[in-house]
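In: Task: produce atomic coordinates for the following.
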Amino acid sequence: MLSSDDAAPTLRPTIHTISVADSPEAWRSAGFTVDDNNVCSVGTVRIHLVGRDAGKRIIGWSLRDSTHEGGLLDGLTTTVAAGPVPDESPGHPNGVTSIDHIVLLTPNQQRTIAALESVGLLALRTRETDQYGAPFLQTFFRTGEVIVELIGPEEPSSDEPAGFFGLAFTVADLDATVAFLGPDGAGAAKDAVQPGRRIATLRHKHFGLSVATALMSPEPS
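Out: The predicted model follows:
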């Protein structure tokens, strides 16, 4: 019989693929490398660009090492992925190196937290903020190199399902990325909420993207 010290480590879900209803051409115009299969590989995550015929924005994701059996996860279209984490991803002309976080919206924090935890995602912390006006809660989960940020009110506001909102990418040199994208393609860099980091907004509509997108400097060493 195994002791607690000999037990196998518990696997935690990681994000394999994020499906986005945008065209590959739009993402290429924003400086992303997209392969012949319409996949934009960023760090350990594959962004599958399925075209506007499928809708708009992020339409689903797949998780590795999850107990989820597929289908809706509190309204989030979720599938199960198999296979190892890729060793590396191609470089991107815009300087993107990884996905820092994916943002989810919910009208009911506790309900969505329970759904995510039921498939192995553990809430690390929750904080209250009013950085965008009215107070709301942010709850954070770790999925490998990507953070899941869940945003919603302190008290449930409706019975609507949770949904995908946007992405934040880490770039090697934020000033260089902003210069590459040009004044029409990105806002000016400013201090981020995270200490020691800076952030800029990708003006996604300028390139024909439908996903709200932020660009962030690397974490301090």
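In: Do I have it right that residue 212 meets residue 168?
Out: No: using Cβ atoms under 8 Å, residue 212 is not in contact with residue 168, being 9.3 Å away. All C-beta spots, glycine's among them, are computed from the backbone N, C-alpha and C.
In: Quickly list what's touching both of these two.
Out: residue 103 (Cβ atoms under 8 Å, 6 or more residues apart in numbering).
In: Which one's more surrounded, these two?
Out: Remark: of residue 212 and residue 168, residue 168 carries more neighbours, 21 against 17, as counted by other Cβ atoms under 10 Å.
In: how about that one, what does it touch?
Out: 99, 100, 101, 102, 103, 199, 213, 214, 215, 216.
In: which among the residues you listed gets closest to residue 109?
Out: If you rank the contacts of residue 168 by distance to residue 109 using Cβ to Cβ, residue 103 comes first, at 13.8 Å.
In: buried residues in stretch 36-46?
Out: Across stretch 36-46, burial judged by 16 or more other Cβ atoms under 10 Å covers 38, 39, 40, 41, 42, 43, 44, 45, 46.
In: Tell me which stretches of the protein form helices.
Out: 24-29, 109-118, 174-181, 204-207 (DSSP state H).
In: Export those helices to TSV and append columns for distance to residue 145.
Out: Shown next, in TSV, are the helices of the chain (distance: least, Cβ to Cβ, whole Å):
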stretch	distance to residue 145
helix 24-29	20
helix 109-118	18
helix 174-181	18
helix 204-207	22
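In: Could you work out the most separated pair of the contacts of residue 168?
Out: For these, and using Cβ to Cβ, no pair is farther apart than 102 and 199, which are 15.3 Å apart.
In: Mind checking which residue lies nearest the centre of this protein?
Out: The residue lying closest to the centre of the chain (Cα atoms, centre = their mean) is residue 102, at 2.0 Å.
In: Next one: that residue, what pLDDT does it get?
Out: Predicted confidence (pLDDT) at residue 102: the value is 98.
In: which non-adjacent residue is nearest residue 103?
Out: In space, and not counting its chain neighbours, residue 103 is closest to residue 165: 4.3 Å by Cβ to Cβ, 6 or more residues apart in numbering.
In: The one you found touches residue 105, doesn't it?
Out: Yes: assessed by Cβ under 8 Å, residue 165 is found in contact with residue 105 at 4.8 Å.
In: coming back round to it: if you look at the contacts of residue 168, which of them are in strands?
Out: 99, 100, 101, 102, 103, 199, 213, 214, 215, 216 (DSSP state E).
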